[in-house]
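> coordinates only, sequence not included:
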């Protein structure tokens, strides 16, 4: 979970930038060199696997529809948003026949600032045709070890379903428990909040109770989430149904989030519209739907899996640094 950073007054920003060391970068020379090496390794990894690097626009007419992710709008170009992910544009390339692709680039999310969060950060996103989401999770582990250059080679990979993860760490079944069960558990663990939904309670408990209890020297793959957490992933009609989605944790830090991609345009449009309703119910701004993505899916999005990985977080793990600011030349506070 992110520690939300509320924007300070202009005078506070001025003070931060004009302290005796306020002009200096947050990252050391060593961290900057490690970033350059990491980017080279990522490109080498995909070059060896014949995955094409692409670039897609940073500015978009459509903000992110997910009510839990806030888009940044631009003043100079009304109706344009800084991307929260290259996902929509990359799926248009997939529908156009580009095959396996990846992108390394900057993305932006409003309202995020904390030890592991910065409003501007580097994201690696890639898509593999004909590869299952669980096989893609294995490829994420391969990438981590390749780029880690040794330290993660002996870390075991532990795989568990989202349901089993909660049962093991809390005794609650996330598919059956309600807000009352979750709020009682949170209170027992010293967490207090007001009027959270079931999904919000689950996210809070995952971030504050379960993540800190994950093994410190292991790669944990969590898969098969609640249908309500599907986002842009495909549903599988098990009993109960599950979203074919995974998350990868490097030690106790969430690193990557992947899907078996939804290829049903009608279902995707329905989800977008449902997310807008949730945002309106919260009194939040809604953004224009990305109908170009819907048309691309309707035209024929190939069977594929995709994943997004936080490059800055991977760099933090490689360099053993605890703060994201320490791997950024200039974080939001210093820029």
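Structure's in. What do you need? Remember, it's a predicted structure, so these values are computed and weren't measured experimentally. Residues are numbered from 1 along each chain as shown.
> alpha carbons only for contacts and neighbour counts from here, please
Noted.
> Look up how far residue 41 lies from the spatially most central residue of the chain.
The chain has residue 257 as the residue nearest its centroid, 5.3 Å off, counting by C-alpha atoms, centre = their mean. Distance, residue 257 to residue 41, using C-alpha to C-alpha, to the nearest Å: 20 Å.
> Which residue ranges of the stretch 151-300 of the chain form strands?
For the stretch 151-300 of the chain, the strands defined by DSSP state E, counting those that start in this stretch cover 157-161, 219-225, 235-236, 242-250, 253-260.
> mind listing what residue 330 touches?
By C-alpha atoms under 8 Å, 6 or more residues apart in numbering, the residues touching residue 330 are 25, 26, 27.
> and the last one, which of the three is it?
It refers to residue 27. coil (DSSP: H, G, I helix; E, B strand; the rest coil).
> okay, now it: neighbour count?
17 (other C-alpha atoms under 10 Å).
> repeat for residue 228
The burial count for residue 228: 11, using other C-alpha under 10 Å.
> after the lowest-mean-pLDDT helix or strand in the chain comes which helix or strand?
Sorting the helices and strands of the chain by mean pLDDT, DSSP states H and E puts helix 10-17 at the bottom, at a mean of 44. Sequence-wise, the next helix or strand downstream of helix 10-17 (DSSP states H and E) is helix 29-48.
> mind listing what's buried in that following helix?
Across helix 29-48, burial judged by 16 or more other C-alpha atoms under 10 Å covers 31, 32, 34, 35, 38, 39, 41, 42, 43, 45, 46.
> so how far is it from its chain's centroid?
Offset of helix 29-48 from its chain centre (C-alpha atoms, centre = their mean, to the nearest Å): 20 Å.
> helices and strands around it, which ones?
Helix 29-48 sits against helix 133-148, helix 311-319, with contacts defined as 3 or more C-alpha pairs under 8 Å, 6 or more residues apart in numbering; DSSP states H and E.
> In CSV, list those helices along with distance to residue 96, mean neighbour count and mean pLDDT.
Listed next are those as CSV, based on distance: least, C-alpha to C-alpha, whole Å; neighbours: other C-alpha atoms under 10 Å; pLDDT from 0 to 100:
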stretch, distance to residue 96, mean neighbour count, mean pLDDT
helix 133-148, 21, 19, 98
helix 311-319, 27, 22, 98
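> what's the closest of these to residue 122?
helix 311-319 (5.6 Å; C-alpha to C-alpha).
> And the helices in the stretch 51-200 of the chain?
Counting by DSSP state H, counting those that start in this stretch, the segments of the stretch 51-200 of the chain that form helices are 87-95, 133-148, 162-170, 179-188, 198-205.
> In TSV, list those along with distance to residue 115.
Shown next, in TSV, are those (distance: least, C-alpha to C-alpha, whole Å):
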stretch	distance to residue 115
helix 87-95	25
helix 133-148	21
helix 162-170	24
helix 179-188	22
helix 198-205	16
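> Just tell me which of those helices ends up closest to residue 268.
helix 87-95 (11.8 Å).
> So which elements touch the closest one?
Helix 87-95 packs on helix 291-300, going by 3+ C-alpha pairs under 8 Å, 6+ apart.
> For the helix it packs on, give the mean pLDDT please.
When pLDDT is averaged along helix 291-300, the result is 96.
> which residues sit against it?
Against helix 291-300 from outside (C-alpha under 8 Å, 6+ apart): 88, 89, 91, 92, 95, 96, 263, 264, 265, 268, 269.
> Next, the buried residues of that helix.
293, 294, 295, 296, 297, 300.
> Going by distance to residue 158, which of the contacts of residue 330 wins?
residue 27 (32.1 Å).
> which residues does that closest one contact?
325, 326, 327, 328, 329, 330.
> quick one: secondary structure of the last one?
State at residue 330, reduced to three classes by three-state DSSP: coil.
> ditto for the second one
Here residue 326 is helix, with the state taken from three-state DSSP.
> And the pLDDT for the nearest residue to it once chain neighbours are set aside?
Closest residue in space to residue 326, ignoring its immediate chain neighbours: residue 27 at 4.6 Å, by C-alpha to C-alpha, 6 or more residues apart in numbering. As predicted, residue 27 sits at a pLDDT of 96.
> before we move on, what about the one 5 residues further on?
The score at residue 32 is 97. That number is its pLDDT.
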